[in-house]
Every structure is written in C-alpha cells, then in structure tokens.
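# Please find the sequence and the predicted model below.
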Amino acid sequence: MRKLILLLLILLSGCAKMTEEKRAKLARETYAQGMSAYTRKDYREAISKLREALKYLENLTPEEIKSAKYTLGESYYLRKDYINAIVYLEDFLFYYPDSPEAERVYFMVVDSYMRVAPDAYRDQSYTLKAIDKAKEFLSKYPNSPYGDRVLESIEGAQTKLAKHEYLIGRFYEDFGYHYSASLRYKNLLVNYPGQISEVEVLYRYIKSLLLVREQAKKQEAKFNRWINSAKEELKKIRKEEDRSAVQKRIEFFQGEIERWRSLAEESYKTALKHMETYKEVYGENPYYRELLRYAKQ
C-alpha cells in the first residue's frame, strides 16, 4: 500500500511540474505571438494572444507584462473598439502612471471617450466624462504634441453639448413648457456662446419668457380644477384631520397659482428688457418683429 501511495505522489508531482512548465511555455509563446501580430498590424490576433499571455503573467517578466498591457490597450484602440480600449488603457495608467508611454495612453483614453460619446439626441454622460478627461490631460501634459487634437476634441464635445441643450429647449418650447425652455436657452447663451446661433437662441429665449404667461394661465386653470374638486370633497368629509389634510392641499394649489403668476410677471418684464438689447444688436429683423407680436398678446 505504501508503495502505491508513493507511486501516486511521484505521478502527481510529475503532473504538477509539467503543468507549470506548460504554463510558462504558453506564456512565452502567446506573448511572442501577440507582439508579432501587433507588429504585422494584425490587431485582432494581437488581442487574442496577449489576453491569453496575461493569464499566465506570473511567468512573464515585469517588462513583458507592461509591454503586453500597453500593446493590448493600443490594439483595441487601433481596432476602434473604444469601450475595451478604455478599460485596458486605464488599467495601464493605473499601474504605470509615470511611464514614458503614459502620455500617449492618456491621449488614447481621451480620444476613446470622445468617440464613444453618443450623438446630441441622447444622454451626454460620456461627453461630459470625455471633456473632464481632456481637461485632465491638458493639465497633466500642457506641452503635449497631442494638445491641439485634444483642444479640438473639447471644442467638438462642447458643440455636441450645446446641440443637446438646444434640442431639449426646442422640445420644451414645442410642447408648451415655456418656462423650462427659457432656462435651457439661457444656459446656452451663458455657457455655450461660441457653439450656437446667438441671434436665434436669444430670440427663442425671449419668446419663451413672453409665453410663460400663456403657460401660467394653463397651470392656473389646472390648479383651479383641482381646488374645486377638493372643495367638493370637503363637503363630504366629517373627520377634522381629513378636512385639515384636504385644506392643506387646497392651500398648496393656491400657492402654486400665485407662484406661476409671479413667474409670468417676472418673465415678461425680463423679456421686454432683453427685447431692447436684441433690437440694438440685431435690428428689427423678422425675429424681432415676431417678438413684438408675442409681447402684444
């Protein structure tokens, strides 16, 4: 029995040794194949082999691990697989922030974020992230040869954000949410002056302010319906605590009516002031003449 156990231990030891040797061999072979594929610009093959090699990274030298991580990230970038590029390039920056390759890696991260950012019709979280990354890059590498390209990317991203804000403003305007539209157009005028047609956006801002009165009337009619409904409900209620709750609801609706009246009045006054400026800057163009018509309604 003891001989059998000894034989099994020897066999197991031999298998373990072979497995370790195989892992080391696979690491060296797949690393070499991946780097060779990268040199041939076969980035798909490079990605496949280098990902395999990094499974056995304990058998690679520190320099080989660093080289594999960099090449893997860049291969994804060159294949225009920007989501995976971001993952692997940011991993490289985490482990090698001060390496000679870090500047190019950082640029590829910025560019990848810019490229995965959606069009102006959709959520702009990636665009905002891209701008933040770009500003970080310029702060970290103020004299970078990639600087001009990053600045152009920021300009393009800002234009996209401006268009996104404009589209939201138009949505609110078209559906009668004039006060919300005015806030969007004001934001455009303040934060994106170089990315918009000021003559149009200022017109839409003033128009929206003038039409807040129209929105306020609709809101007042709605709240009055709710108030009347609540008053009818009061007639049927006997418990004091229930009456108190309904009365508070009525007071809230009445407060909302006053709030909308105040918003309408303030918006109208602000619109008239801006109309004077609009006329001085752009003259009595078709936009201005239309504003006069809205102001007289």
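Here it is on my side, so go on.

# which residues touch residue 73?
Going by Cβ atoms under 8 Å, 6 or more residues apart in numbering, residue 73 touches 85, 88-89, 91-92, 105, 108. (Glycine included, C-beta is placed from N, CA and C.)

# Same check on residue 128?
Residue 128 makes contacts with residue 161, as judged by Cβ under 8 Å, 6+ apart.

# cool, residue 172 as well?
Residues near residue 172 by Cβ under 8 Å, 6+ apart: 178, 180-181, 184, 208.

# Now, of these, which are buried?
Buried members of these, scored by 16 or more other Cβ atoms under 10 Å, are 178, 180-181, 184, 208.

# Among the residues you listed, which one sits closest to residue 161?
residue 184 (11.9 Å; Cβ to Cβ).

# Tell me the helix or strand right after the host helix or strand of that closest one.
Following DSSP states H and E, the helix or strand that holds residue 184 is helix 178-191. Counting by DSSP H and E, the element after helix 178-191 in chain order, helix or strand, is helix 198-210.

# helices and strands of this structure: which one bottoms out on pLDDT?
Least confident element among the helices and strands of the chain, by mean pLDDT, DSSP states H and E: helix 2-39 (a mean of 71).

# Please name the nearest non-neighbouring residue to residue 35.
residue 71 (6.5 Å; Cβ to Cβ, 6 or more residues apart in numbering).

# Name all residues that make contact with the one you found.
34-35, 38, 46, 50 are the contacts of residue 71 under Cβ under 8 Å, 6+ apart.

# got those as a markdown table, with distance to residue 267 and neighbour count columns?
Formatted as a markdown table, those follow (distance: Cβ to Cβ, whole Å; neighbours: other Cβ atoms under 10 Å):
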| residue | distance to residue 267 | neighbour count |
| --- | --- | --- |
| 34 | 63 | 26 |
| 35 | 65 | 18 |
| 38 | 61 | 23 |
| 46 | 60 | 26 |
| 50 | 60 | 25 |
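
# Looking at those residues, spot the one nearest residue 151.
residue 38 (29.8 Å).

# what separates that closest one from residue 102, distance-wise?
19 Å (Cβ to Cβ, to the nearest Å).

# which non-adjacent residue is nearest residue 173?
Leaving aside its sequence neighbours, residue 173 sits nearest to residue 181 (Cβ to Cβ, 6+ apart; 4.1 Å).

# Go ahead and confirm the one you found touches residue 167.
No - shown here, residue 181 and residue 167 do not form a contact pair, counting by Cβ atoms under 8 Å, at 11.3 Å.

# Which helix or strand lies directly C-terminal to the least confident helix or strand of the chain?
Next element after helix 2-39 (DSSP H and E): helix 43-53.

# export that following helix as CSV, just CAs?
Extracted C-alpha coordinates of helix 43-53, given in CSV (Å, rounded to 0.1, in the frame of the first residue of the first chain):
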residue,chain,number,x,y,z
TYR,A,43,-4.6,43.7,-34.0
ARG,A,44,-7.3,41.1,-33.7
GLU,A,45,-4.7,38.3,-33.4
ALA,A,46,-2.6,40.5,-31.1
ILE,A,47,-5.5,41.0,-28.7
SER,A,48,-6.3,37.3,-28.7
LYS,A,49,-2.7,36.2,-28.0
LEU,A,50,-1.9,38.9,-25.4
ARG,A,51,-5.0,38.3,-23.4
GLU,A,52,-4.0,34.6,-23.3
ALA,A,53,-0.5,35.5,-22.3
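
# Does anything pack onto it? Which helices or strands?
Counting contacts by 3 or more Cβ pairs under 8 Å, 6 or more residues apart in numbering; DSSP states H and E, helix 43-53 packs against helix 2-39, helix 62-78.

# Check the gap between residue 37 and residue 72 for me.
For residue 37, the distance to residue 72 - Cβ to Cβ - is 11 Å.

# which of these two has more neighbours?
residue 72 (27 against 20; other Cβ atoms under 10 Å).

# Now do the contacts for the residue nearest to that one when sequence neighbours are not counted.
In space, and not counting its chain neighbours, residue 72 is closest to residue 50: 4.6 Å by Cβ to Cβ, 6+ apart. The contact partners of residue 50, by Cβ under 8 Å, 6+ apart, come to 30-31, 34-35, 38, 68, 71-72, 75.

# same question, residue 247
Listed by Cβ under 8 Å, 6+ apart, the contact set of residue 247 reads residue 234.

# Low-confidence ranges, this structure, go.
By pLDDT under 70, the weakly predicted segments of the chain are 1-18.

# I'm done for today, thanks for sticking with me.
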